[in-house]
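Chemist: how would this look folded up:
(one chain, ligands or ions: 2)
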Amino acid sequence: MTRPLRLSTLFLRTLREDPADAELPGHKLLVRAGYVRRAAPGVYSWLPLGLRVLRKVEAVVREEMDAIGGQELSFPALLPREPYEATGRWTEYGPNLFRLKDRKGVDMLLGPTHEEMFTLAVKDMFSSYKELPLTLYQIQTKYRDEARPRAGLLRGREFIMKDSYSFDVDDAGLEAAYQRHREAYVRIFDRLGFDYVVVHADSGAMGGSASEEFLAVSPVGEDTFVRCEASGYAANVEAVVVPQAPDVDEATVAATPAAHVEDTPDSPTIATLVAQADALHPRADGRSWTAADTLKNVLVLLTHPDGRTEPLAIGLPGDREVDAKRLEAQVAPATWRPFEADDFAAYPMLAKGYIGPGVLGTDSEQRGGSGIRYLLDPSVARGSAWVTGADAHGRHVFDLVHGRDFTADGVIQAGAIREGDPSPDGAGTLTLARGIEMGHIFQLGRKYAEALDLKVLDENGKLVTVTMGSYGVGVSRAVAAVAEATHDEVGLLWPRELAPADVHVVATGRDPEVFAHAERLVQDLAAAGLEVIHDDRPKVSPGVKFKDSELLGVPTVVVVGKGLADGVIEIKDRLSGTRREVAVERAVGEVLAEVRGSAPAGD
Ligand code: ATP
Ligand code: MG
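Modeler: Ligands and ions are numbered 1, 2, ... in the order given. Predicted structure coming up:
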């Protein structure tokens with residue numbers, strides 16, 4: 001039996017005002033309802049009610065991991081540098097890694113994720129194929145010095161993750177482990193009550209191949225994903241691979257006039273360029289120019305993990321933007337920012353607003369260009385003709401043909417994906433929506449095993465490198481994501497599996513008889529196996545008690561008050577707001593039925 005929580009003594013203070021540092025409604029409510037408290041940006045304390053919810057999420061994750069044969073262990077958060085040095089991540093993680101020194105000046109870190117530790121542990125203890133397959137997991141605190149800690153628990157700098165790792169001798173084993181995890185994740189997110197999608201994912205800094213994310217569909221999500229209704233294809237925008245546009249046929253290219261430079265005064269933007277082109281250089285066929293006829297060249301500066309910087313030019317149709325996150329995924333582990341005045345100053349041949357392919361590309365240096373690496377959007381077909389910068393102020397070049405008049409160093413998948421774009425699988429068009437990344441599964445392969453030399457003897461007595469999978473669930477993030485998904489204007493609305501209690505009993509009025517009765521009911525409910533919150537505060541008005549019960553968000557609320565004189569108590573459903581009176585002697589049975597989902601329909 002779980003001891004009832006009594007609000008007269010519970011370490012809880014609900015707030016009427018929204019906290020100043022919270023932006024999202026679910027986050028505001030978690031703070032106001034006394035579930036969590038901010039200790040520092042992106043760092044939160046768990047108060048008793050919040051901790052209960054967190055433990056329930058953990059329990060769901062633990063049960064499903066155990067069900068696929070995962071073995072739980074726990075590594076420290078405080079870690080030595082060497083293994084992370086061996087895999088390159090000490091550098092690759094860049095400023096996201098919390099680094100510290102011990103008193104002897106030895107480098108240490110706070111673990112952002114634990115591939116290295118798991119790999120080394122298996123290497124220390126196992127040596128034969130007979131000991132595999134193996135799945136290990138932990139539910140543990142992680143640290144990442146996120147550039148933009150956001151929305152409380154959604155993106156913390158300290159947060160709780162379930163991370164698991166599979167170890168197999170061959171690819172078929174890894175595939176099977178991956179599928180088992182995928183199924184476990186489906187069960188986990190079904191139980192947590194999310195509306196979620198499974199999308200193809202970029203494997204990011206981790207390297208590796210097959211990779212999927214579980215996204216909670218939510219307008220407040222930071223991830224954008226695409227879906228194709230016709231085929232069921234779904235992917236994080238970062239992972240969408242836009243097919244290369246097919247070459248323009250030779251006859252069309254042959255009929256394209258030679259490139260010609262024209263005056264286009266005051267046309268540093270795509271809109272002004274289109275207007276000037278229409279006014280001064282109308283198309284032969286009478287159609288007007290559009291942004292899609294122009295090729296814009298965007299300059300960014302990459303910073304590599306070792307601090308080295310490198311400029312990069314991206315050429316894409318003028319009606320398409322560079323997508324910050326797609327570019328981030330493409331250049332990782334480097335980071336990027338737009339070119340600034342000082343960067344332009346270092347390359348005098350770049351005429352800002354009028355930059356063209358003529359001065360771009362690693363081979364451009366020979367002809368007085370910048371030598372800056374130049375990558376094209378895959379929509380720029382070989383043989384296609386463009387209006388683009390002529391590398392002189394107020395001038396553009398027309399009929400500049402890709403492959404005939406200019407080339408680039410390669411292709412980059414950084415253009416924004418738009419609603420209605422063709423699906424990469426050719427099956428239809430894409431729709432866009434936003435989501436919160438709740439889980440990520442990927443087939444790491446042999447990257448870490450190779451770096452840390454994890455080998456076992458196979459059936460033939462030969463040493464083979466182990467292949468690994470890595471699988472994460474954002475446990476603390478899940479609490480926040482549920483809060484964002486299930487609340488109304490007056491408070492939280494927990495799904496039963498995660499609620500801090502099964503039932504919230506409110507005793508109203510001043511009559512000691514009412515309080516005594518409520519206390520007996522609470523005891524009986526607890527004895528029947530329910531977790532109970534009892535609002536037994538003697539001097540708090542019924543109005544405040546009701547408000548608090550709404551704010552805390554326990555799914556079933558029982559009111560013991562005036563009705564007692566007539567032999568009834570009230571059962572309220574927090575979600576639907578329906579309420580019904582039941583005879584006191586039937587109270588326990590009725591509440592049990594309500595909690596277990598077999599209650600008679602409310603009136
Ligand atoms: P994101 O793109 O949101 O930063 P990630 O790709 O860095 O996530 P992983 O390294 O795959 O995340 O971590 C596994 C899981 O841990 C994620 O799916 C997410 O649910 C959770 N997670 C990652 N970073 C944070 C964070 N800063 N705060 C809370 N949970 C996080
Ligand atoms: Mg991250």
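
Chemist: Assign residue 484 to helix, strand or coil.
Modeler: helix (DSSP: H, G, I helix; E, B strand; the rest coil).

Chemist: Chain neighbours aside, what residue packs nearest to it?
Modeler: Nearest non-adjacent residue to residue 484, counting by Cβ to Cβ, 6 or more residues apart in numbering: residue 26, 3.5 Å away. From N, CA and C alone the C-beta is placed, and that goes for glycine too.

Chemist: If the most centrally placed residue in the chain is in a bridge, with which residues?
Modeler: Per Cα atoms, centre = their mean, the C-alpha nearest to the average position across the chain is that of residue 437, at 2.9 Å. Note on residue 437: beta-bridge partners by DSSP bridges are residue 215.

Chemist: Now for it: which residues touch it?
Modeler: 213-215, 221-223, 474, 477 (Cβ atoms under 8 Å, 6 or more residues apart in numbering).

Chemist: For residue 587, which residues are in contact?
Modeler: 521, 524, 558, 569.

Chemist: How many neighbouring residues does residue 238 have?
Modeler: 26 (other Cβ atoms under 10 Å).

Chemist: distance of residue 265 from ligand 1?
Modeler: 45 Å (Cβ to the nearest ligand atom, to the nearest Å).

Chemist: Next, the contact list for that residue, please.
Modeler: If you count contacts by Cβ under 8 Å, 6+ apart, then residue 265 has 276, 394 around it.

Chemist: hmm, try it at 10 Å
Modeler: 272, 276, 280, 393-395 (Cβ atoms under 10 Å, 6 or more residues apart in numbering).

Chemist: Which of those fall within helices?
Modeler: 272, 276, 280 (DSSP state H).

Chemist: Make sure the first one is actually in contact with residue 264.
Modeler: Think residue 272. Yes: contact status for residue 272 versus residue 264: in contact at 8.3 Å, counting by Cβ atoms under 10 Å.

Chemist: the more surrounded of these two?
Modeler: Neighbours were counted for residue 272 and for residue 264 using other Cβ under 10 Å; residue 264 has more, 25 against 14.

Chemist: Tell me the confidence at the more buried one?
Modeler: With respect to pLDDT, residue 264 has a value of 97.

Chemist: so the one residue in the chain that gets nearest to ligand 1 bridges to which residues?
Modeler: In the chain, the residue that lies nearest ligand 1 is residue 474 (2.2 Å; Cβ to the nearest ligand atom). For residue 474, the beta-bridge partners are residue 161 (DSSP bridges).

Chemist: Distance check, it against residue 78.
Modeler: Distance check for residue 474 against residue 78: by Cβ to Cβ, to the nearest Å, it reads 21 Å.

Chemist: Between those two, which is the more surrounded one?
Modeler: Relative neighbour count places residue 474 above the other of residue 474 and residue 78, with 26 against 13, counting by other Cβ under 10 Å.

Chemist: my guess is the more buried one meets residue 215, correct?
Modeler: No: using Cβ under 10 Å, residue 474 is not in contact with residue 215; the gap is 11.1 Å.

Chemist: any common contacting residues for those two?
Modeler: 436-440, 481.

Chemist: Need the max-distance pair from those.
Modeler: 440 and 481 (14.0 Å; Cβ to Cβ).

Chemist: which of the two has more neighbours?
Modeler: residue 481 (27 against 23).

Chemist: after the helix or strand hosting the more buried one, next one along is what?
Modeler: Assigned by DSSP states H and E, residue 481 belongs to helix 475-485. The element immediately downstream of helix 475-485 (helix or strand, assigned by DSSP H and E) is strand 487-488.

Chemist: Tell me which other helices or strands that next one touches.
Modeler: Strand 487-488 sits against helix 25-32, with contacts defined as 3 or more Cβ pairs under 10 Å, 6 or more residues apart in numbering; DSSP states H and E.

Chemist: and residue 118, how far is that from residue 74?
Modeler: In terms of Cβ to Cβ, residue 118 sits 11 Å off from residue 74.

Chemist: can you check residue 318 too?
Modeler: For residue 318 relative to residue 74 (Cβ to Cβ), the value is 53 Å.

Chemist: In terms of neighbours, single out the busier of the two.
Modeler: residue 318 (22 against 11).

Chemist: mind listing what the nearest residue to that one once chain neighbours are set aside touches?
Modeler: Of all residues not flanking residue 318 in the chain, residue 294 sits nearest, at 3.5 Å (Cβ to Cβ, 6+ apart). Residues near residue 294 by Cβ under 10 Å, 6+ apart: 267, 270, 273-274, 277, 316-319, 386-389, 396.

Chemist: So which of these is surrounded by the most neighbours?
Modeler: The member of the contacts of residue 294 surrounded by the most neighbours (other Cβ under 10 Å) is residue 389, with 29 neighbours in all.

Chemist: PyMOL command for the buried members of the contacts of residue 437?
Modeler: To isolate the buried members of the contacts of residue 437 in PyMOL, using 16 or more other Cβ atoms under 10 Å:
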select buried, resi 213+214+215+221+223+474+477
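
Chemist: farthest-separated two in the contacts of residue 437?
Modeler: Pairwise across the contacts of residue 437, and taking Cβ to Cβ, the largest span is found between 214 and 222, at 14.6 Å.

Chemist: Residue 192 reaches residue 482, doesn't it?
Modeler: Yes: in this structure, residue 192 is within contact of residue 482 by Cβ under 10 Å, at 6.6 Å.

Chemist: Name the residues contacting each of these two.
Modeler: The contact lists of residue 192 and residue 482 share 57, 216, 438, 495, 497-498, where a contact means Cβ under 10 Å, 6+ apart.

Chemist: So residue 502 versus residue 531, what's the distance?
Modeler: 5 Å.

Chemist: Overlap in contacts, these two.
Modeler: With Cβ under 10 Å, 6+ apart as the test, residue 502 and residue 531 both reach 2, 525, 554, 595.

Chemist: since we're on the last one, how many residues are nearby?
Modeler: Just to be clear, that refers to residue 595. If we define neighbours as other Cβ under 10 Å, then residue 595 has 21 of them.

Chemist: and the closest residue in space to it that isn't next to it in sequence, what does it touch?
Modeler: Closest residue to residue 595 apart from its sequence neighbours, by Cβ to Cβ, 6+ apart: residue 502 at 4.7 Å. By Cβ under 10 Å, 6+ apart, the residues touching residue 502 are 2, 496, 525-526, 528-533, 554-556, 591-592, 594-596.
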